[in-house]
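Asker: Let me see the structure of the following:
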Amino acid sequence: MDPQGYLDAARDRLSRAGFREEASPAGAVLKVRRRQIKLSRFGIVETVVAISDVHSQPGPDQLRAFGAEIVRSAREGKSRIPRGLGSSLVVYPVLVTDGISDELRRFASSYTPKHWSILEFPVVVDPGTGSLVLVEKTPAWGAAYYRKTRREAQELLTPA
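Answerer: Just a heads-up that it's a prediction; the model follows:
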């Protein structure tokens, strides 16, 4: 699958899952948001997915930087309900590549950034090979949410 085909398929899946498009921040070709009331998370959960433009053989620093930019952008559009007091954010920065190095694969499969009431869940996708790399292990502090978040990432973002 080529990057445009991946973007089109992901946009369709995200739209069917209730996401609405927003203005994309620097480095992203698509940004979407969904707001849901979830009793399991004690209030409103805003989920933001941002898909990058294609990177050629990126490293861990590019994934970290893209994630930081997407978290910043997600916070800007968040509802006024304070995080941790009735609302939370789930952010999927999706770094699209034309090749995933072993270094990036190792890093992305263990990288669990920590924020106050924000679950940043980085994903690396290579549409050409159909590869999806994400955190496979659940950190102790994320036991309540990581399993569901991982499953959602796989359902929404795996190259089809």
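
Asker: and the longest helix along the chain, what's its mean pLDDT?
Answerer: Longest helix in the chain, counting residues (DSSP state H): helix 60-76. Helix 60-76 shows a mean pLDDT of 94.

Asker: just how off-centre is that helix within its chain?
Answerer: 10 Å (CA atoms, centre = their mean, to the nearest Å).

Asker: Can you tell me the element Ala26 falls in?
Answerer: Taking DSSP states H and E as the definition, one finds Ala26 inside no helix or strand.

Asker: Can you verify my assumption that it contacts Phe66?
Answerer: No. The criterion here is CB atoms under 8 Å, and Ala26 misses it with Phe66 at 9.6 Å. No exception for glycine: its C-beta is placed from N, CA and C like everyone else's.

Asker: quick one, which of the two is more surrounded?
Answerer: When neighbours are counted by other CB atoms under 10 Å, Ala26 and Phe66 differ, and Phe66 comes out ahead with 25 against 8.

Asker: which residues does Val45 bridge with?
Answerer: Gln36, Ser88 (DSSP bridges).

Asker: That one reaches Ala74, doesn't it?
Answerer: No. At 12.0 Å, Val45 does not count as touching Ala74 under the criterion of CB under 8 Å.

Asker: Which one of the two is surrounded by more residues?
Answerer: Ala74 (25 against 18).

Asker: which intervals of the protein have sub-threshold pLDDT?
Answerer: Applying pLDDT under 70 to the chain flags residues 38-43, 78-87, 115-117, 138-146.

Asker: now the strands for it?
Answerer: Secondary structure of the chain (DSSP state E): strands at 20-22, 28-38, 43-55, 87-97, 118-120, 123-126, 131-133.
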